[in-house]
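Engineer: Structure for the following, please:
(chains A and B)
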Amino acid sequence: MTNLLEVRNMAKSFGQNEVLKDVSFHVPPGSIVGFIGDNGAGKSTTFKAVLGLISRDSGTVEIFGEDNLNKNATIKEDIGVVFDAINLPVSLTIKQLNKVFKSLFNSWDEADFYRLIRSFSLPEDKKIHTFSRGMSMKLSLAVALSHRAKLLLLDEATGGLDPSSREQILDELKAFVSNGNSGILLSSHIISDVEKIASHLVVIKNGEVLLNEEKEKVFREYAIAVMNEEQLNLLPEDVVVAKRTYDTSSIR
Amino acid sequence: MRGLLLTNYYLIHRSFLTYTALAIVISAVIFYFADPSFYRIIAMLIILLMAMPALEVIKLESKTGYDKYVLTLPISRKNVVQSHYVFYFLIVVSGTILSYGVFSMYSLISKSAVEDIVNIVSFGTFIVLFAGALAYPLLYVFGAEKSDGIVLGGGMSGLFVAIALQGVVGYIVEILAASSLPVASSLHVPILYTLFGMVMYIASYFIGLSIYQKREF
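Structural biologist: Modelled structure (predicted):
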């Protein structure tokens, strides 16, 4: 089966700053790919490059086998996107938003949208700018899940949610991929979220993909070890995926 | 594009109605207190005040990041630019119609016709169309942060260009008067101003489109 998203050798620089270097990964159908990295690692830049919001210097991006979103905008019917901040027009109410998206999406499912709105306890007649961050993220997710998308791209979508809302969202995301035809690319700082639902892990640091594996394989074949510099130098280079340095001089 | 136009409308409909009401009130004050030589201002004021919220759309979209999000929806960048230009044009047309309506109402109430209504309104329409033609490409280049200056600059430039064009329009009117075109001579000036405005607006659309296609978010 064709991957829902295939990124190959993608690179992007802003001036002299090389933000993405040879990034490759894919999202197979039926999978939730956890995209993990620190602030500034290149996660959001990757999302923007995949969606054509910024140009890429090199590499290819294929979504459902197609490589140019702007030439064939109808592909975006099948893509749901949530960014890390509310990006919806905040002076609208949910009812007005429903009318807008009904006009924009051929596959807009009004019943599903309101089911999610009620499930997330969001007020239908209040303007979006009155919502808290958590409410705004839930609304963004409701929109992404309401047009029969096959691929979800979620950039820090669970940030700012209380634990029970996060649990609710994660359940919706698991249900989304349960048919085996859909997939999710989910970037997050919250490792527990990724651990809970991801089937694949992609770790990015300083614009480079350090790890791209199935989650079960990572848990089976990888480990975290704490050691000093001397012991680290004894290990073969290809065994070390990532390391973090701690200053232990203050520890007694 | 219907969804994009609907979003634009929802974004500014309150300020649009407020500015429209303000335009009518100011027009009434000018009609009542001012000298008839000031009536030219009314046409420009009505159309300009109604069009100002339309230019705010880009600023409001940018504030929330909707300008970035909208490109993830099943529309192309061309659709986005078209929606901005079409929406502004529809507002200008509404302003033009309201302008005629206000002048007609004044004529009815005062039982005296305002001379050269068509010329006055077409002058105002040209200024506002020119303002939009200048503003949109600049907004795409410099972003919404500079929108206040761009909108003000667009309006002032429209006024200066309209005045500067009077010589050119006068020259063409002389040629047309000597020709055998089946158009009343009283309509030559308004048709020319409207035509110039439309040509500049359409040229601006193509410039704006080429800028927006390459824009990064």
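
Engineer: Now do the SS call for residue A:7.
Structural biologist: Put simply, residue A:7 is strand when judged by DSSP: H, G, I helix; E, B strand; the rest coil.

Engineer: ok, now the one 5 residues further on?
Structural biologist: Applying three-state DSSP to residue A:12 yields a three-state assignment of strand.

Engineer: Just list whatever residues bridge to it.
Structural biologist: Residue A:12 forms beta bridges with residue A:20, as assigned by DSSP bridges.

Engineer: got a list of what it touches?
Structural biologist: Contact analysis of residue A:12 by Cβ atoms under 8 Å, 6 or more residues apart in numbering or on different chains lists A:18-20, A:45, A:49, A:54-57. C-betas here are computed from N, CA, C, even on glycine.

Engineer: what's the distance between it and chain B?
Structural biologist: According to Cβ to the nearest Cβ, to the nearest Å, residue A:12 stands 10 Å off from chain B.

Engineer: What pLDDT is listed against that residue?
Structural biologist: At residue A:12, the model reports a pLDDT of 95.

Engineer: And for the one 5 residues further on?
Structural biologist: The score at residue A:17 is 90. That number is its pLDDT.

Engineer: same deal with residue B:113?
Structural biologist: Per-residue confidence (pLDDT) for residue B:113: 68.

Engineer: Need the contacts of residue A:12 in a markdown table (columns: secondary structure and neighbour count).
Structural biologist: Formatted as a markdown table, the contacts of residue A:12 follow (DSSP: H, G, I helix; E, B strand; the rest coil; neighbours: other Cβ atoms under 10 Å in any protein chain shown):
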| residue | secondary structure | neighbour count |
| --- | --- | --- |
| A:18 | strand | 15 |
| A:19 | strand | 21 |
| A:20 | strand | 27 |
| A:45 | helix | 21 |
| A:49 | helix | 24 |
| A:54 | coil | 17 |
| A:55 | coil | 10 |
| A:56 | coil | 21 |
| A:57 | coil | 14 |
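
Engineer: Looking at those, spot the one nearest residue A:71.
Structural biologist: residue A:55 (14.2 Å; Cβ to Cβ).

Engineer: Would you agree residue A:8 is in contact with residue A:60?
Structural biologist: Yes. Taking Cβ atoms under 8 Å as the definition, residue A:8 is a contact partner of residue A:60 at 4.9 Å.

Engineer: quick revisit: would you turn the contacts of residue A:12 into TSV with distance to residue A:116?
Structural biologist: Below are the contacts of residue A:12 laid out as TSV (distance: Cβ to Cβ, whole Å):
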residue	distance to residue A:116
A:18	40
A:19	34
A:20	33
A:45	29
A:49	29
A:54	30
A:55	34
A:56	33
A:57	38
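
Engineer: Touching the helix or strand that contains residue A:233 from outside, list them.
Structural biologist: Element membership for residue A:233 (DSSP states H and E) is helix A:229-234. By Cβ under 8 Å, 6+ apart, the residues outside helix A:229-234 that reach it are A:240, A:243.

Engineer: tell me the SS of residue A:29?
Structural biologist: coil.

Engineer: Let me fix that, I meant to ask about residue B:67.
Structural biologist: Assignment for residue B:67 (three-state DSSP): helix.

Engineer: distance of it from residue A:31?
Structural biologist: 31 Å (Cβ to Cβ, to the nearest Å).

Engineer: Distance from the chain centre to the longest helix seen in chain A, please.
Structural biologist: For chain A, the longest helix by residue count, based on DSSP state H, is helix A:163-177. Remark: helix A:163-177 is offset 14 Å from the chain centroid, using Cα atoms, centre = their mean, to the nearest Å.

Engineer: for the helix or strand hosting residue A:203, packing partners?
Structural biologist: Element membership for residue A:203, per DSSP H and E: strand A:200-205. Using 3 or more Cβ pairs under 8 Å, 6 or more residues apart in numbering or on different chains; DSSP states H and E, the elements in contact with strand A:200-205 are strand A:17-27, strand A:32-36, strand A:208-214, helix A:215-221.

Engineer: Which stretch among these is buried most, on average?
Structural biologist: When the helices and strands packed on strand A:200-205 are scored by mean count of other Cβ atoms under 10 Å in any protein chain shown, the highest mean neighbour count falls to strand A:32-36 (a mean of 24).

Engineer: Can you name every helix or strand that that one contacts?
Structural biologist: Going by 3+ Cβ pairs under 8 Å, 6+ apart, strand A:32-36 lies up against strand A:17-27, helix A:163-177, strand A:183-188, helix A:191-197, strand A:200-205.

Engineer: quick revisit: direction included, what does the strand holding residue A:203 pair up with?
Structural biologist: Within its sheet, and counting by DSSP bridges, strand A:200-205 is paired with strand A:32-36 (parallel), strand A:208-214 (antiparallel).

Engineer: can I get those in TSV with distance to residue A:120?
Structural biologist: Listed next are these as TSV, based on distance: least, Cβ to Cβ, whole Å:
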stretch	distance to residue A:120
strand A:32-36	20
strand A:208-214	31
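
Engineer: Could you report the neighbour count for residue 43?
Structural biologist: Here I'm looking at chain A. In terms of burial, residue A:43 registers 23 neighbours under the definition other Cβ atoms under 10 Å in any protein chain shown.

Engineer: meant chain B actually
Structural biologist: A count of nearby residues for residue B:43, using other Cβ under 10 Å, gives 29.

Engineer: Equivalent analysis for residue A:108, please.
Structural biologist: 19.

Engineer: likewise residue B:68?
Structural biologist: Residues within reach of residue B:68, counting by other Cβ under 10 Å, total 20.

Engineer: State the distance from it to residue A:173.
Structural biologist: 23 Å.

Engineer: go on, residue B:118?
Structural biologist: From residue B:118 to residue A:173 the distance is 61 Å (Cβ to Cβ).
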